[in-house]
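1. my questions are about this predicted structure, shown below with the sequence.
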Amino acid sequence: MYKKYCVRRVLLNFFKKGLLAEMPTASGTQQSTRKTLNPPLKWAGGKRWLVPHLRRYWGKHSHRTLVEPLCGGLAVSLGLMPSRAVLNDINPHLINFYRWLKQGLQTTISMENDEELYYGHRSRFNALTGPLGKIDSQEAAELFYYLNRTGYNGLCRFNQKGEFNVPFGTYKNINYVQDFSPYKDVFSSWEFTTGCFQDVKLGPADFVYADPPYDVEFTQYAKEVFGWDDQVRLAQWLAEHPGPVALSNQATDRIVELYQDLGFQLTFLKAPRRISCTGDRTPVMEVLATRNLEIPRKGAASSSISSSS
């Protein structure tokens with residue numbers, strides 16, 4: 001209880017002093033000479049806003065392989081543009097889409113912002129990835145993209161049967177991409193895998209960035225639920241890695257305590273809230289937990305506490 005009280009006091013003081021990081025600029029950071037691309041999907045909790053801050057850590061390590069055990073929408077990988085990457089996610093439909101992008105996907109299905117078409121495509125997707133057993137097909141990849149762009153708030157949600165169940169969205173206009181060939185060159189040296197994060201094979205020098213589901217009630221964006229036990233397993237797995245490690249998550253009391261106890265350096269950041277059931281857009285407090293990484297001092301706009309605080 002005393003430790004939680006201390007954590008709350010530290011965070012409150014950061015807020016009062018205005019020391020919590022806003023989105024940092026990329027000035028003075030090492031930029032990749034490779035062409036940058038936007039993330040191809042809408043993604044709840046995407047970390048595009050965090051990329052400028054992560055670049056400060058990444059600069060000295062850009063020769064390493066970037067490993068994302070929970071890669072999600074690829075905002076970080078496409079922002080850092082590593083030469084080599086291993087990108088894993090528990091969601092097989094997401095990885096199937098990325099693997100088809102790696103081949104230069106050209107979509108062929110009908111894509112319109114139409115409610116009847118949406119539910120027809122959703123039924124077809126669930127049939128392909130269920131009874132028909134064509135989860136790795138190009139059609140499944142195209143349908144996954146369409147559902148992501150057209151469904152409510154860009155959510156990715158599955159029921160206990162593994163069926164995609166996001167309702168039709170409320171967008172006025174949607175720009176659908178049909179030619180994904182620009183991703184082919186960027187993805188050529190990136191490996192995409194699907195499975196549990198603990199099954200990802202790490203090299204001792206790999207740079208690991210992890211962005212698990214928030215420590216909140218909604219954690220089921222794949223058939224499997226990512227609960228508190230998974231949060232603890234992930235933290236322990238990251239703590240065992242001898243190379244550089246960075247993790248971002250919502251700064252709940254128990255997340256802060258978990259990573260502080262494991263010896264991580266903690267930096268607190270204000271994150272934009274882009275998806276909310278209530279319409280609340282108040283920034284969310286996130287924690288960036290790092291190990292085996294130097295804290296970027298020059299030009300840094302963040303506040304941090306160490307495991308000894």
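-> That came through, no problem.
2. C-alpha from now on. contacts and neighbour counts both.
-> Will do.
3. what's the pLDDT at the residue lying closest to L37 once chain neighbours are set aside?
-> In space, and not counting its chain neighbours, L37 is closest to L78: 6.2 Å by Cα to Cα, 6 or more residues apart in numbering. Listed pLDDT for L78 reads 97.
4. the helix or strand L78 falls within: how far from the chain's middle?
-> Element membership for L78 (DSSP states H and E) is helix 75-80. Remark: helix 75-80 is offset 10 Å from the chain centroid, using Cα atoms, centre = their mean, to the nearest Å.
5. send over it as PDB, restricted to the C-alpha atoms.
-> Taking Å, rounded to 0.1, in the frame of the first residue of the first chain, the C-alpha atoms of helix 75-80 are listed here in PDB:
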ATOM      1  CA  ALA A  75       3.100   2.100 -36.100                       C
ATOM      2  CA  VAL A  76       6.500   1.700 -34.300                       C
ATOM      3  CA  SER A  77       8.100  -0.500 -36.900                       C
ATOM      4  CA  LEU A  78       7.100   1.700 -39.800                       C
ATOM      5  CA  GLY A  79       8.200   4.800 -37.700                       C
ATOM      6  CA  LEU A  80      11.600   3.400 -36.800                       C
END
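6. quick revisit: surely the residue nearest to L37 is in contact with P40?
-> No - using Cα atoms under 8 Å, L78 is not in contact with P40, being 9.9 Å away.
7. how much space separates the spatially closest residue to I135 that is not a sequence neighbour from A271?
-> Leaving aside its chain neighbours, I135 sits nearest to T129 (4.4 Å; criterion: Cα to Cα, 6+ apart). Remark: distance between T129 and A271 (Cα to Cα, to the nearest Å) = 34 Å.
8. before we move on, what about P204?
-> 31 Å.
9. do the same with A85
-> 25 Å.
10. and for T193?
-> Per Cα to Cα, T193 is found 28 Å from A271.
11. what residues are up against C196?
-> By Cα atoms under 8 Å, 6 or more residues apart in numbering, the contact list for C196 reads 69, 89-90.
12. pLDDT weak spots in the stretch 201-309 of the chain?
-> 217-224, 273-281, 297-309 (pLDDT under 70).
13. where along it do the strands fall?
-> In the stretch 201-309 of the chain, the strands defined using DSSP state E, counting those that start in this stretch lie at 207-210, 245-250, 265-271, 284-291, 303-305.
14. reformat these as JSON lines; add mean neighbour count.
-> As requested, these are exported to JSON lines (neighbours: other Cα atoms under 10 Å):
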{"stretch": "strand 207-210", "mean neighbour count": "24"}
{"stretch": "strand 245-250", "mean neighbour count": "22"}
{"stretch": "strand 265-271", "mean neighbour count": "23"}
{"stretch": "strand 284-291", "mean neighbour count": "22"}
{"stretch": "strand 303-305", "mean neighbour count": "18"}
